[in-house]
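Chemist: Need a 3D model of the sequence below.
(one chain, ligands or ions: 1)
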Amino acid sequence: MKVTEHIERAKGKTLFSFEIIPPQKGSNINELYKNIDPLMEFNPPFIDVTTSREEFVYIDKGEGLLDRKITRRRPGTLGICAAIKHKYDVDTIPHLLCGGFTKEETEYMLVDCHYLGINNIMALRGDAMKHQRYFEPTAGGHSYAVDLVRQIHNLRCGKYLHETLEEGERASFCVGVAGYPEKHLEAPSIDFDLKKLKEKVDAGADYVVTQMFFDNQKFFRFIEQAKDYGIHVPIIPGLKPIAVKRHLQLLPQVFKIDLPDTLIAAVEKCKNNKEVRQVGVEWSIQQSKELKEAGIPVLHYYSMGKSDNIKTIAEAVF
Ligand code: FAD
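Modeler: Numbers count the residues shown, from 1 in each chain. The predicted structure follows:
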């Protein structure tokens, strides 16, 4: 079922969903299941599976020579989606990226999704590769998420690449895109970013999932601003509990988000990361309860491969 249908069916009840990261190449999928199992009692209508950018690895060839190879450390997004869907009978959402994929590869992936009955897609540009300062489009790929949304929308209309078919099978995808309550790190202003978000919605996006934030007022303001720009699709908040002290520096640095002073003070007081986790969970519970009371349709948690703190939050909120 599509995300938008899940929301309609819930009739105002707030749903719980979460996102997982594929395990490192060479790992057993049972490790992943161990993190999903404890969260299934909260009946997530869908689970997102991220896709990671490819990266360069350098292999020592001896005598001072290095061989540069390209690899994806966490492959298997679509396979994991199919495996989880089959094992738990839950909808799964693969994240599709512009970066690292040609339009043809994207089309093949979408065809696979359609055959597998995976009819929700999260359409993203992706970040720069590790060695790059800025995102550089892949040769033959898309530059912005809006282009990817257009390609997916074309498939909804039975329009495949290169017009090799007069009219192909229509693949009825529901498309999610990313939104940024504190603006995307590259955007020159929140207004610019909102205009770009509106373009994604006009191109066919059905819902928005936000970057993490720790101050609900920023999310509520974002919803209002989005409405002012004519964005009326569901906006799902992305939530992440702080888990280690280093997050105080890391999260603002990587995602260009602010942390509230009271949260910073509470984390700074902690003597160890066990205490930090407790603070992070309590903060997230308060955030979640307020969002639920405000009638937000889905709360979406970034599990980052660990489910115990998400489980504690879900127990308190759902
Ligand atoms: P876009 O919507 O293309 O926007 C990127 C930037 O370009 C923005 O600053 C925007 O304002 C600007 N822009 C957009 N269109 C134009 C235009 N036509 N001209 C000029 N500027 C423009 N990353 C991963 O690698 N894997 C994942 O699985 C993943 N999952 C994510 C899930 C969520 C919910 C979120 C919020 C982010 C996720 N990301 C993931 C991170 C995401 O890929 C990065 O934030 C990326 O830098 C931007 O992606 P986007 O889809 O928002 O890009």
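
Chemist: Give me the spatial nearest neighbour of A314, chain neighbours excluded.
Modeler: Of all residues not flanking A314 in the chain, F42 sits nearest, at 4.5 Å (C-beta to C-beta, 6 or more residues apart in numbering). No exception for glycine: its C-beta is placed from N, CA and C like everyone else's.

Chemist: I figured Y88 was touching I36, is that so?
Modeler: Yes: shown here, Y88 and I36 form a contact pair, counting by C-beta atoms under 8 Å, at 7.0 Å.

Chemist: any shared contact partners between the two?
Modeler: With contacts taken as C-beta atoms under 8 Å, 6 or more residues apart in numbering, Y88 and I36 have I47 as neighbours in common.

Chemist: out of the two, which sits in the busier spot?
Modeler: With neighbours defined as other C-beta atoms under 10 Å, Y88 and I36 compare such that I36 has more, 19 against 16.

Chemist: Report the residue spans of this protein with pLDDT below the cut-off.
Modeler: The chain contains no residues with pLDDT under 70.

Chemist: Next to the ligand, which bits of it? Give me the list.
Modeler: By C-beta under 6 Å from any ligand atom, the residues of the chain that approach the ligand are 50-53, 95, 97, 124-127, 144-146, 178, 184, 186-187, 192-193, 196, 200, 209, 211, 238.

Chemist: Provide a PyMOL selection command restricted to the buried entries of those.
Modeler: Applying 16 or more other C-beta atoms under 10 Å to the residues of the chain next to the ligand leaves a buried subset, and the PyMOL line that selects it is:
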select buried, resi 50+51+52+53+95+97+124+125+126+127+144+145+146+178+184+187+193+196+200+209+211+238
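
Chemist: taking the residues of the chain next to the ligand one by one, which sit in helices?
Modeler: When these are checked against helices using DSSP state H, the ones located there are 145-146, 192-193, 196, 200.

Chemist: and the residues you listed, which two are the farthest apart?
Modeler: When those are compared pair by pair using C-beta to C-beta, the two farthest from each other are A145 and F192, 14.6 Å apart.

Chemist: hang on, the earlier thing: just curious, which of the ones in helices among the residues of the chain next to the ligand is nearest to I264?
Modeler: Of those, the one sitting nearest to I264 (C-beta to C-beta) turns out to be D193, at 25.0 Å.

Chemist: Now that closest one. Nearest residue, chain neighbours left out?
Modeler: Beyond its immediate neighbours in the sequence, the residue positioned closest to D193 (C-beta to C-beta, 6+ apart) is A187, lying 3.8 Å away.

Chemist: Go ahead and confirm the one you found touches Y180.
Modeler: Yes: taking C-beta under 8 Å as the definition, A187 is a contact partner of Y180 at 7.4 Å.

Chemist: which residue ranges form the strands in this protein?
Modeler: Assigned strands in the chain, in chain order: 15-20, 46-49, 55-62, 65-71, 91-97, 120-124, 174-179, 207-212, 235-239, 298-302 (criterion: DSSP state E).

Chemist: any chance of the ones you listed in TSV, plus distance to E107?
Modeler: TSV is the format used below for the strands of the chain (distance: least, C-beta to C-beta, whole Å):
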stretch	distance to E107
strand 15-20	24
strand 46-49	19
strand 55-62	24
strand 65-71	21
strand 91-97	11
strand 120-124	12
strand 174-179	15
strand 207-212	22
strand 235-239	27
strand 298-302	27
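
Chemist: what's the closest of those strands to F318?
Modeler: Checking these against F318 by C-beta to C-beta gives strand 15-20 as the closest, at 4.9 Å.

Chemist: packing partners for the closest one?
Modeler: Under the contact definition 3 or more C-beta pairs under 8 Å, 6 or more residues apart in numbering; DSSP states H and E, strand 15-20 sits against helix 29-36, strand 46-49, strand 298-302, helix 308-317.

Chemist: list the residues that contact both of A187 and Y180?
Modeler: Counting by C-beta under 8 Å, 6+ apart, the contacts common to A187 and Y180 are D193.

Chemist: Turn the helices and strands packed on strand 15-20 into CSV, including distance to D215.
Modeler: Shown next, in CSV, are the helices and strands packed on strand 15-20 (distance: least, C-beta to C-beta, whole Å):
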stretch, distance to D215
helix 29-36, 28
strand 46-49, 23
strand 298-302, 15
helix 308-317, 17
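
Chemist: ok, T92 touching L78?
Modeler: No: applying C-beta under 8 Å as the test, T92 and L78 come out as separate, 9.2 Å apart.

Chemist: Buried residues, the longest helix that the chain contains. List them.
Modeler: For the chain, the helix reaching the highest residue count under DSSP H is reported as helix 273-293. When neighbours are counted by 16+ other C-beta under 10 Å, the buried residues of helix 273-293 are found to be 273, 276-277, 279-285, 287-288, 291.
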